[in-house]
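Visitor: Sequence and computational prediction follow.
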Amino acid sequence: MPVIRPVSARHVAAVLATVLAGSAPSLSASGPERTPVEDIKSLMLAAIEAPDGRAKGTLSGQVADALTQRFRGTSPVYIDVSTERRFAQPGCSRLQLRIWQEGVRLPGSREGRRQTIEIGINYCRDGKPPRSLQ
């Protein structure tokens, strides 16, 4: 599996389209209501601000439609963001993004299944990485 370096929130959607792979059977779409978002950045900011460091949503708009059509997914594109660590710099955290969809059929696959991508990113409210990892 390739090492995925921290990327911009906008780039995450593009990465998802090309490296969507793997599965995570412990994921569930149930639970707290998910916010529809066109930009993953809004969920990243929500997780930074949330007392529990978490935010959940579903991707909507053109990117979600393109992914669902390309991979013939049978569910919304789900996004779970959790805070792994809060840095000393205010508004900066190490975030874990989990982006997944049910029923995805990769090229050469006859059956659809849950496909997941996980990305770790150091991110601040201003959209930049933290100045220090302390």
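Guide: Now that the structure is in, tell me what you want to look at.
Visitor: Name the SS class of the most far-flung residue of the chain relative to its centre, please.
Guide: Using CA atoms, centre = their mean, the residue of the chain lying farthest from its centre is Arg110. It sits 25.6 Å away. At Arg110 the chain is in coil, as set by DSSP: H, G, I helix; E, B strand; the rest coil.
Visitor: Equivalent analysis for Leu43, please.
Guide: Per three-state DSSP, Leu43 ends up helix.
Visitor: What's the per-residue pLDDT of it here?
Guide: Per-residue confidence at Leu43 stands at 97 (pLDDT).
Visitor: got it, and Glu49?
Guide: The confidence metric pLDDT takes the value 97 at Glu49.
Visitor: Run a quick neighbour tally on Thr35.
Guide: For Thr35, the neighbour count with other CB atoms under 10 Å is 14. Every residue, glycine included, has its C-beta placed from N, CA and C.
Visitor: Was I right to think it contacts Ala47?
Guide: No. Thr35 lies out of contact with Ala47 (CB atoms under 8 Å); the separation is 11.4 Å.
Visitor: Much appreciated, bye for now.
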